[in-house]
Structure formats: structure tokens, C-alpha cells
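In: got a predicted structure here, sequence first:
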Amino acid sequence: MSGLAPTAFWFELTKESTPVPEPSNIDDCLWPPTEMDGSPPNPKFAFVETFETQEFTGTSTTVVPPSQKSRMKKKRDQKLSPPAQ
């Protein structure tokens with residue numbers, strides 16, 4: 001897989017033994033695609049592991065406009081239809 005850091009690693013998560021209760025749906029007409037045929041819902045489990053992540057603070061406040069060259073390339077890439085004969 002390209003794009004992963006060389007120090008990236010995987011480890012298997014441990015699921016809890018009891019399933020998470022199904023949420024109540026306000027509208028009885030709404031069903032997930034996996035339960036349209038009346039089959040029972042698949043049990044969903046939480047994981048034992050927890051992760052500490054930094055709070056997302058948004059994107060940078062500086063806006064970088066596209067360069068003149070990239071705007072010219074976009075115009076050049078737009079092809080016109082051949083004239084009708």
C-alpha cells in the first residue's frame with residue numbers, strides 16, 4: 001500500500017463479549033440494506049482498546065489561490081466538440 005508511513009503497523013482489535021444494543025429508529029419504514037429481507041440484524045460489538053487522538057482543529061486559515069499556470073492548463077484541457085457538418 002502506498003502512502004503509509006514506513007513506521008505504520010497493524011494490530012488486531014479485541015471485541016467486547018456483549019453486543020452493543022441496536023439503536024431505536026423513529027421511522028419504522030427505514031431499514032438497512034442488509035435487513036431488507038426481514039433477516040435479524042447483525043450484532044455489532046464495541047472494542048476494548050481505546051485511542052487517544054488530538055482534537056481536530058480544522059484547516060489552516062491561510063488560503064492559497066491556484067496559480068495562473070494551473071488555470072491555463074484547465075482551460076487547455078477543455079476540448080470543444082467538432083463543428084456540425
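Out: That came through fine.

In: give me the pLDDT value at T59.
Out: pLDDT for T59: 70.

In: what about it, which SS state?
Out: Put simply, T59 is coil when judged by DSSP: H, G, I helix; E, B strand; the rest coil.

In: pull the number of nearby residues for it.
Out: Neighbourhood size, T59 [other CB atoms under 10 Å]: 7. In this view, the C-beta of every residue, glycine as well, is placed from N, C-alpha and C.

In: with K15 instead?
Out: For K15, using other CB under 10 Å, the count is 15.

In: so what's it bridging to?
Out: For K15, the beta-bridge partners are F47 (DSSP bridges).

In: can you pull the contacts of it?
Out: K15 makes contact with 45-48 under the criterion CB atoms under 8 Å, 6 or more residues apart in numbering.

In: can you check T50 too?
Out: Per CB under 8 Å, 6+ apart, neighbours of T50: none.

In: tell me which helix or strand it sits in.
Out: In the assignment (DSSP states H and E), T50 maps to no helix and no strand.

In: could you save the contacts of K15 as TSV and add columns showing pLDDT and neighbour count?
Out: As requested, those are arranged in TSV below (pLDDT from 0 to 100; neighbours: other CB atoms under 10 Å):
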residue	pLDDT	neighbour count
F45	93	13
A46	92	11
F47	92	10
V48	91	10
